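Q: Give me coordinates for this.
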Amino acid sequence: MIETKRRGGRPRSEQAREAVLHAVDDLLLEVGYAAMTMKGIAIRAGVGRQTVYRWWSTKAEILFEACVDDAEEELLVEPAGTRLDDVTSYLDALMRFLAYSPAGAGYRALLAAAQHDPAVKQLIATKDVLRDSARAVLHRIDPHRPAGDYAIDLLIGPTFFWIMSGRDPAQLDIHELARSFFHGFGSEES
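A: Presented below is the predicted three-dimensional model:
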């Protein structure tokens, strides 16, 4: 769970928290990020606005918490056998997250908002779920080689760009991307 600013008052109700996080996901898909309001989130969640504002300052904070919780789960891939299988499984999970997941839709909306809202940009910088998940896979496939920025960018960059540029996810050749990753990473994988 992302740590958000806590204000004084009663302890946070897990049931209310879950209702708010589900409400923000639903509203994102129904009305979009720009039309979403704190009032609308509270109404949809069945809680008072004061409850929402007690725990979050902005709709971006709520959406970010919802995205991170789901992304960490969706991008966690179990060992798949070979190093190539591990990378292929991760890239498939990354593509599905970015292209089809409600949490991925939230993540994309926040990235778009971050382009013109410094507060959202700063919020996203507090927890980079894509880089963290990629780093875990890279550590698993080669624990003796540090998972630096270049390797992480090489792993997530092509899939990220493909989806963010609006291209058809069904046309993305995940197996070829995985093989290309190993070529660029400096090792061959059959």
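Q: Using the record's assignment, carve this structure into domains.
A: 14-56, 67-185 (automatic domain parsing).
Q: how far is the helix or strand that contains Val68 from where the chain is centred?
A: Per DSSP states H and E: Val68 is located in helix 59-74. Offset of helix 59-74 from its chain centre (CA atoms, centre = their mean, to the nearest Å): 7 Å.
Q: which parts of that helix are buried?
A: For helix 59-74, the neighbour count (16 or more other CB atoms under 10 Å) marks 59-72, 74 as buried. In this view, the C-beta of every residue, glycine as well, is placed from N, C-alpha and C.
Q: nearest to Leu28, of those?
A: Minimum distance to Leu28 across these is 6.6 Å, recorded for Leu63 (CB to CB).
Q: quick one: that closest one and Ala112 touch, right?
A: No. The criterion here is CB atoms under 8 Å, and Leu63 misses it with Ala112 at 11.6 Å.
Q: where does the protein dip in pLDDT?
A: Across the chain, the ranges flagged by pLDDT under 70 are 1-12, 185-190.
Q: so what does whichever strand or helix holds Gln15 touch, helix or strand wise?
A: Secondary structure from DSSP H and E places Gln15 in helix 14-31. With contacts taken as 3 or more CB pairs under 8 Å, 6 or more residues apart in numbering; DSSP states H and E, helix 14-31 sits against helix 38-45, helix 49-55, helix 59-74, helix 102-114.
Q: which ones are touching Val24?
A: 36, 41, 59, 62-63, 66, 106 (CB atoms under 8 Å, 6 or more residues apart in numbering).
Q: For the most centrally placed residue in the chain, which non-adjacent residue is spatially closest?
A: Residue closest to the mean C-alpha point of the chain, counted by CA atoms, centre = their mean, is Ala71 at 4.4 Å. Of all residues beyond its chain neighbours, the one nearest Ala71 is Val129 (4.2 Å), with distances taken as CB to CB, 6 or more residues apart in numbering.
Q: burial of Leu75, as a residue count?
A: Under the neighbour criterion other CB atoms under 10 Å, Leu75 is assigned a count of 24.
Q: again with the one 10 residues further on
A: Applying the criterion other CB under 10 Å, we find 15 residues in the vicinity of Asp85.
Q: now Glu14
A: Glu14 has 8 neighbouring residues, counting by other CB under 10 Å.
Q: ok, now how distant is it from Asp128?
A: Counting by CB to CB, to the nearest Å, the gap from Glu14 to Asp128 is 26 Å.
Q: With Leu154 instead?
A: In terms of CB to CB, Leu154 sits 16 Å off from Asp128.
Q: who has more neighbours, those two?
A: Leu154 (19 against 13).
Q: Great, nothing more from me.
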